[in-house]
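Novice: what's the 3D shape of this:
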Amino acid sequence: MKLLTLSVRKLAVVLGCAICSASGLASAHDIDDHSGDPAYAKYYRQSVNWRSCPPSLFTDGSTIQCALITVPNDWADPDQGDITIGISRPLHSPAYSRLLLLNGGGPDNSSASMAEMFEQRQPQLQVDHLVIGVDLRGVSDGMGTQVSCNYAARSGAENFMDGDSRNPTPASMQAQQDWWNRSMSACLKQNAAFLKGINTPNHVRDLNLVRSILGFSHADLFAVSSGTGLMAYASRMFPDKFERVVLDSNMNWSHLDWQQQALLRMSMDQLNVQQAFIPFIARHNDQFHMGTTPQQVLTTFQRIYQATSHHRMGSVTPDQALGALDGTGMWIFWDLLVAPSLSAMSNALDGDPAHIATAEQMAGATYADLRVLPSFNPMSAALQCNDSGSTDRRSASRKIADTRRYWAVGETTLVDQCQGWPWAPAIDPVFELRTKVRGLMVQGEFDPSTPYAEALVNRLWNGGATPMVFIDNAVTHGAIFDNNACVTAAEFGYLHTGVLPSHDVVCKALPMHSFSMQDSAIYAYGYSAKGTQLPPPPNVQQVSWVLVP
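Specialist: Below is the predicted model:
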C-alpha cells in the first residue's frame, strides 16, 4: 500500500536521502566539543556536589540525588557568562559500567526529577547503566538558572479574554498576537543573553559536558517526546561520544521544526480524543460520570462547554474545561487530572453550589487562566524560536478554521510565538541533510502528541540506521511508562547489548489503562500492520465533531 498520507514535500525529503553518501556521518566528527580549549577548562574540570533533591510535579525526590552543573551561557562565546543546569542520579544505583543520559521531554519539564519516575517504573534502565537525568536550560521546575517575565497589560480584546480560546475572531486573534509580542519583547530586553543561549545545539553541548565531568568517555541516550529531537541532534553532533540512542515517541527530528510539529499534532490529537479516549470515557462512567456510550459522552461534554461559555459553572471557563483533555495523551494523568476534572464538571451541570465549587477547584488545578496569570517562563518559546523560528504560513482564516475543527489543542497554534524573533535559527538544515541518526525508534501508532506520520518520515529518511519498534494500535504517548513486554524486550535488548534489531519490530498494544482504570478493548482505527511491515499513518480526516459555544 502506498503511503498516501505523506505530503509531496516529505516524500521528496525521503527520496532525497538516496543522494546522501554513507560517509556523510563522518563530517560530524569535525565538530569541536572544546574539551581541549583552555577557555573552557573550568567547565570540564568542575567537581560535582551531590545533594538532596526538592519535590517536583512528578516525584518526591526521595530516591535520587541532585547537583548543579555550570555551563557557559553561550558555548560559542564563554565570555558571555555562566548559568547552571540541574542533573540527578539514583540514591542507590546498582552496579554499572555505562552512562545513560535521560531527557523526559516537555520541553519545559525537569528531566532531573522525571528520571526518578522513569527509574521507578522501568528499573531495567539501571541494568549496567548509571542513569542521569539532565535538565534543559531554564526549565520551570528545574534547579538551575531560570527567568520569569511579566505578561504585558491586557487590552481585553485578546482571544482568551472571554475564557474561550477555541472561538476566535480575526480581531481577537490579532489582539492576542500583539499582546504576546509585547510580552516577549519586554522579556527579551531583560534577558537577551540568557534566552539566546536556549537552543538544541547548546543543550547537546551541555549533555556532552555532563558525560565528561562524570568521567565517561561515552554515553548512551534515552529520550521521550520532544527530547527525541535533542537526543537525535546529539547523536549527529557527537557520534563518537554518544553510542546507544533510544528515541521514544518521536517528533520529526529528520528536520527539527517546532511549529510544523505543533500543526501536525493538533489533527492527530483530535482524532485520538474522538476515536479512542471518548470511547474509553464511556467504558469508565464510574470515574468520569459522563455517560456509557460515546454519544452520551459527547453530549455531556457539549453541555459542559456550553455551561462554561454561558458562565453557568461559576468561574470555570471553556478553556479550563477543554484543558482537561490536553492530559489525555498520557495515561499517567488520567487518574490524577483528567477524570477528576471532567467528573467534577459533569456533576456541576446540576447547578449545585457545592458541585460548582469542586469544579472550580479542579479547573484551577488543571489549566492556567491567561486572563489573570501575571508572569511566564519563556524557556519553551525561546527553545522553539531559537531552533527553527517562524514557519507557520497559514492565513488568519485558516488558523481560525483549524482551531474550531481541532478544538482539543488547536488553539495552541493561533499565536506565532516566534514572530519578529531577533536571531536566526540555530538548527542547521544542511547539517541535518548530511548526517544520520543511529539508534532505535519506539513509536505508538496513534500517539496524539508526537504523531506516527512524522516518526515514519524519520524512519524512511534514516533507513536501516534507525529501525523502529512500532506499537500497533497504541493510543498513548510515551511507551516507557507502559509495561509492554514486547517493547521493553526490544528497547532494553538494544540498550544493554548495543545490537540494533535487523528489521522493524511490530508489537501489539496493551488495552488502554491507567492506575485505577483497566480496559479490555483495543482501539484499531488505523491501518493494519502486517508482519514487520510498517503501516501507513492513520487518516486524520476522520475528525468530524464540532463544539458549539
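Novice: Strands of the stretch 1-150 of the chain, residue ranges please.
Specialist: 51-52, 64-72, 82-90, 96-103, 128-134, 149-150 (DSSP state E, counting those that start in this stretch).
Novice: Least reliable of these by average pLDDT, please.
Specialist: Among these, strand 51-52 carries the lowest mean pLDDT, at a mean of 92.
Novice: Adjacent strands (with direction) for that strand?
Specialist: Taking DSSP bridges as the criterion, strand 51-52 sits next to strand 64-72 (antiparallel) in its sheet.
Novice: Also compute the angle for the partner strand relative to strand 128-134, please.
Specialist: 60 degrees (axes from the mean of the first three to the mean of the last three CA atoms, to 10 degrees).
Novice: So what's the gap between strand 64-72 and the chain middle?
Specialist: How far strand 64-72 lies from its chain's middle: 23 Å, per CA atoms, centre = their mean, to the nearest Å.
Novice: ok, residue 169 to residue 376 distance?
Specialist: 24 Å (CB to CB, to the nearest Å). For glycine as for every other residue, the C-beta is placed from the backbone atoms N, C-alpha and C.
Novice: Oh, that last question was meant for residue 111, not what I typed.
Specialist: Distance from residue 111 to residue 376, by CB to CB: 20 Å.
Novice: Between the two, which is the more surrounded one?
Specialist: Under the neighbour definition other CB atoms under 10 Å, residue 111 and residue 376 were set side by side, and residue 111 has more, 30 against 20.
Novice: Okay, and the nearest residue to residue 244 once chain neighbours are set aside sits in which element?
Specialist: The shortest distance from residue 244 to any non-neighbouring residue, by CB to CB, 6 or more residues apart in numbering, is to residue 220 (4.0 Å). Using DSSP states H and E, residue 220 sits in strand 219-224.
Novice: Buried residues, that strand. List them.
Specialist: 219, 220, 221, 222, 223, 224 (16 or more other CB atoms under 10 Å).
Novice: From the contact counts, what lies against the helix or strand following that strand?
Specialist: The first helix or strand that comes after strand 219-224 along the chain, using DSSP H and E, is helix 227-237. Under the contact criterion of 3 or more CB pairs under 8 Å, 6 or more residues apart in numbering; DSSP states H and E, helix 227-237 touches strand 96-103, helix 200-213, strand 219-224, strand 242-248.
Novice: quick one, which of these is packed in tightest?
Specialist: strand 219-224 (a mean of 28; mean count of other CB atoms under 10 Å).
Novice: And the helix or strand containing residue 185, what does it pack against?
Specialist: Using DSSP H and E, residue 185 sits in helix 170-196. Judged by 3+ CB pairs under 8 Å, 6+ apart, the packing partners of helix 170-196 are strand 149-150, helix 379-387, helix 396-405.
Novice: can you list contacts of the last one?
Specialist: Helix 396-405 is contacted from outside by 165-170, 173-174, 263, 266, 270, 394, 410-411, 413-414, 543, 546-547, using CB atoms under 8 Å, 6 or more residues apart in numbering.
Novice: any idea how far the residue nearest to residue 325 when sequence neighbours are not counted is from residue 419?
Specialist: Nearest residue to residue 325 in three dimensions, chain neighbours excluded: residue 408, at 5.1 Å (CB to CB, 6+ apart). Distance of residue 408 to residue 419, given as CB to CB: 24 Å.
Novice: And for residue 203?
Specialist: Between residue 203 and residue 419 the computed distance is 24 Å (CB to CB).
Novice: and what of residue 138?
Specialist: Taken as CB to CB, the span from residue 138 to residue 419 is 21 Å.
Novice: okay, these two: which has more neighbours?
Specialist: Taking other CB under 10 Å, residue 138 and residue 419 do not tie; residue 138 has more neighbours (25 against 15).
Novice: okay but that one is in contact with residue 379, surely?
Specialist: Yes: with contact defined as CB atoms under 8 Å, residue 138 reaches residue 379; the gap is 3.7 Å.
Novice: where do the contact lists of these two overlap?
Specialist: The contact lists of residue 138 and residue 379 share 146, 198, where a contact means CB under 8 Å, 6+ apart.
Novice: Quick check: phi and psi on the residue of the chain positioned farthest from its centre?
Specialist: Ranked by distance from the centre of the chain (CA atoms, centre = their mean), the top residue is residue 352, with 37.7 Å. Main-chain dihedrals, residue 352, degrees, to the nearest 10: phi -60, psi 120.
Novice: Now residue 492. Nearest residue, chain neighbours left out?
Specialist: residue 124 (4.7 Å).
Novice: again, but for residue 511
Specialist: Nearest to residue 511 is residue 519, by CB to CB, 6+ apart, at 4.6 Å.
Novice: roughly how far apart are that neighbour and residue 338?
Specialist: From residue 519 to residue 338 the distance is 14 Å (CB to CB).
Novice: And for residue 237?
Specialist: Counting by CB to CB, the gap from residue 237 to residue 338 is 38 Å.
Novice: between these two, which one's more packed in?
Specialist: residue 338 (25 against 20).
Novice: the helices in the stretch 1-150 of the chain, which residues?
Specialist: Ranges of helices in the stretch 1-150 of the chain, per DSSP state H, counting those that start in this stretch, are 8-16, 41-44, 111-121.
Novice: Mean confidence (pLDDT) on the first one, please.
Specialist: The reference is to helix 8-16. On average, helix 8-16 scores 36.
Novice: so what pLDDT did residue 368 get?
Specialist: Value listed for residue 368 in the pLDDT field: 87.
Novice: same check, this time on residue 292
Specialist: 97.
Novice: Go through the helices and strands of this structure and name the one with the lowest mean pLDDT.
Specialist: helix 8-16 (a mean of 36; mean pLDDT, DSSP states H and E).
Novice: Tell me which residues of the helix or strand containing residue 506 come out buried.
Specialist: Using DSSP H and E, the element containing residue 506 is strand 505-508. By neighbour count with 16+ other CB under 10 Å, strand 505-508 contains the buried residues 505, 506, 507.
Novice: which of the residues you listed lies closest to residue 106?
Specialist: residue 507 (25.6 Å; CB to CB).
Novice: can you tell me how far that closest one sits from residue 287?
Specialist: On the measure of CB to CB, residue 507 and residue 287 end up 27 Å apart.
Novice: ok, now residue 321?
Specialist: 17 Å.
Novice: the more surrounded of these two?
Specialist: With neighbours defined as other CB under 10 Å, residue 321 and residue 287 compare such that residue 321 has more, 27 against 19.
Novice: hey, C-alpha coordinates of whichever strand or helix holds the more buried one in PDB?
Specialist: For residue 321, the enclosing helix or strand under DSSP H and E is helix 318-323. Extracted in PDB, the C-alpha atoms of helix 318-323 (Å, rounded to 0.1, in the frame of the first residue of the first chain):
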ATOM      1  CA  PRO A 318     -14.400  26.900  28.400                       C
ATOM      2  CA  ASP A 319     -10.600  26.800  28.200                       C
ATOM      3  CA  GLN A 320     -10.400  25.100  31.600                       C
ATOM      4  CA  ALA A 321     -13.000  22.500  30.600                       C
ATOM      5  CA  LEU A 322     -11.100  21.800  27.400                       C
ATOM      6  CA  GLY A 323      -7.800  21.900  29.200                       C
END
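Novice: List the contacts of that helix.
Specialist: 160, 163-167, 301, 304-305, 308-309, 313, 341, 345, 363-364, 366-367, 369-370, 407-408, 411, 549.
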